[in-house]
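Enquirer: quick one: sequence plus predicted model below, questions after.
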Amino acid sequence: MTLSTSDATSVGRALVTGASGTTGRRVAAGLAARGIAVTSANRSGTGPAGTRGTRFDWHDTSTHPGALHEVDRVYLIVPADDADPQAVMRPFLTLARESGVRRAVLLSSSALSSGGPGPGAVHEAVAELFDEWAVLRPSWFMQNFVGDHPHAATIRAESVITTATGDGRVGFIDADDIARVAVETLLSPVPWNTDLVLTGPEALSYDDVAAVLTDVGGRRIAHVPVDADTLRTRLEAAGVFPALAAMLSTLDVAIAGGIDDRVTDTVSQVTGTAPRSFREFAAAEFRL
């Protein structure tokens with residue numbers, strides 16, 4: 001589904017939470033490029049060019065009403081530092097519905113179904129509270145190997161990627177492709193009212209990833225397998241919130257068991273364009 005120019009005039013203001021984050025800033029910019037009025041919400045109160053920034057904190061309810069001014073659709077990013085995000089998000093979602101928000105699109109994870117931990121519980125609330133909704137369940141981000149992510153940090157410092165995934169495979173996806181799906185689900189004339197599992201075009205093990213990065217970067221990168229407890233300790237030492245570190249290490253074990261060894265064509269179905277491959281991403285974005 002795509003939005004025509006005439007349809008765009010009937011769309012109200014979109015609120016993008018986490019608008020300085022990996023997908024949030026891309027979604028905000030993508031909506032603005034389509035001529036949509038956008039409120040970019042985050043703790044700094046700033047956003048991409050062409051959007052209106054507002055200070056927003058899930059844990060500060062005084063910031064919630066102003067963020068919802070004139071908004072009829074919202075892109076939701078779960079607070080990463082909260083072990084029970086539904087507790088802080090459900091009151092906001094109820095306020096959003098009462099304030100005139102008709103459509104909600106939530107970013108979750110391919111490994112978490114409705115009712116599961118973290119975003120899984122919010123998934124359930126979004127479907128319950130809104131008549132128009134979608135839950136995006138992307139696989140692991142290709143961006144995890146660049147920027148400030150712990151994987152990127154150990155690649156630069158030690159030439160290694162440390163996981164508890166064993167030889168389990170993942171359908172890694174580019175955040176640009178996630179954002180393109182988010183924009184379409186926020187703007188489509190007919191709501192999706194379902195969850196959408198998003199992957200790239202192929203499933204790769206972390207050994208495969210290391211081989212691609214070695215080839216592209218010109219320096220040997222190795223995948224070092226560890227157990228879940230060791231990974232959790234390493235993540236916490238890298239500054240990851242303890243509850244999130246515990247969840248990530250548990251998900252790595254699930255990957256080892258094959259939970260994310262799949263490829264979907266959802267990106268192509270929703271956007272009309274195929275997702276970028278990991279090699280294409282690495283060639284464009286990976287630098288040592």
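Expert: Looks like it arrived, so ask away. Here the structure is a predicted model, which is why all the values come from computation and not from measurement.
Enquirer: so where do the strands sit in this structure?
Expert: 13-17, 38-42, 52-55, 71-77, 103-107, 132-138, 160-163, 169-170, 194-198, 204-205, 222-225 (DSSP state E).
Enquirer: quick one: closest of those strands to Ala246.
Expert: strand 160-163 (15.0 Å; C-beta to C-beta). For glycine as for every other residue, the C-beta is placed from the backbone atoms N, C-alpha and C.
Enquirer: re the thing from before, quick one: closest of the strands of the chain to Ala87.
Expert: strand 71-77 (14.6 Å).
Enquirer: quick revisit: mind putting the strands of the chain into a markdown table with mean pLDDT?
Expert: A markdown table is the format used below for these (pLDDT from 0 to 100):
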| stretch | mean pLDDT |
| --- | --- |
| strand 13-17 | 98 |
| strand 38-42 | 97 |
| strand 52-55 | 97 |
| strand 71-77 | 98 |
| strand 103-107 | 97 |
| strand 132-138 | 97 |
| strand 160-163 | 97 |
| strand 169-170 | 98 |
| strand 194-198 | 97 |
| strand 204-205 | 98 |
| strand 222-225 | 98 |
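Enquirer: do you know which of the ones you listed lies nearest Ser268?
Expert: For Ser268, the closest of the strands of the chain is strand 194-198, at 10.5 Å, according to C-beta to C-beta.
Enquirer: partner strands of that closest one and their direction?
Expert: Under the criterion DSSP bridges, strand 194-198 sits next to strand 132-138 (parallel) in its sheet.
Enquirer: then the strand it pairs with to PDB, C-alphas only?
Expert: What follows is strand 132-138, C-alpha atoms only, in PDB (Å, rounded to 0.1, in the frame of the first residue of the first chain):
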ATOM      1  CA  GLU A 132      -6.000   1.000  13.600                       C
ATOM      2  CA  TRP A 133      -2.600  -0.400  14.500                       C
ATOM      3  CA  ALA A 134       0.500  -2.400  13.400                       C
ATOM      4  CA  VAL A 135       3.300  -4.000  15.300                       C
ATOM      5  CA  LEU A 136       6.600  -4.100  13.500                       C
ATOM      6  CA  ARG A 137       8.700  -7.100  14.500                       C
ATOM      7  CA  PRO A 138      12.100  -6.700  12.800                       C
END
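Enquirer: run through who's touching stretch 85-97.
Expert: Where contact means C-beta atoms under 8 Å, 6 or more residues apart in numbering, the residues beyond stretch 85-97 that reach it are 58-59, 61, 64-65, 68, 71, 74, 76, 78-79, 82, 104, 118-119, 121-122, 124-126, 129-130.
Enquirer: among the residues you listed, which ones are in helices?
Expert: Applying DSSP state H to the contacts of stretch 85-97, the entries found in helices are His64, Pro65, Pro119, Ala121, Val122, Glu124, Ala125, Val126, Leu129.
Enquirer: my guess is the third one contacts Ser109. True?
Expert: Read that as Pro119. Yes: with contacts counted by C-beta atoms under 8 Å, Pro119 reaches Ser109, the gap being 6.0 Å.
Enquirer: mutual contacts of those two, please.
Expert: If you check Pro119 and Ser109 against C-beta under 8 Å, 6+ apart, no residue is contacted by both.
Enquirer: for PyMOL, write a command that selects the buried ones of the contacts of stretch 85-97.
Expert: Buried residues among the contacts of stretch 85-97 (16 or more other C-beta atoms under 10 Å), as a PyMOL selection:
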select buried, resi 58+64+68+71+74+76+78+79+82+104+118+119+121+122+124+125+126+129+130
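Enquirer: circling back: export the strands of the chain to CSV and append columns for distance to Pro91.
Expert: Shown next, in CSV, are those (distance: least, C-beta to C-beta, whole Å):
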stretch, distance to Pro91
strand 13-17, 14
strand 38-42, 16
strand 52-55, 18
strand 71-77, 13
strand 103-107, 14
strand 132-138, 17
strand 160-163, 36
strand 169-170, 34
strand 194-198, 23
strand 204-205, 40
strand 222-225, 42
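Enquirer: right, and those - which one's nearest Gly257?
Expert: Of the strands of the chain, nearest to Gly257 by C-beta to C-beta is strand 169-170, at 11.2 Å.
Enquirer: what separation do you get for the residue nearest to Asp177 when sequence neighbours are not counted and Tyr206?
Expert: In space, and not counting its chain neighbours, Asp177 is closest to Pro275: 4.3 Å by C-beta to C-beta, 6 or more residues apart in numbering. Per C-beta to C-beta, to the nearest Å, Pro275 is found 19 Å from Tyr206.
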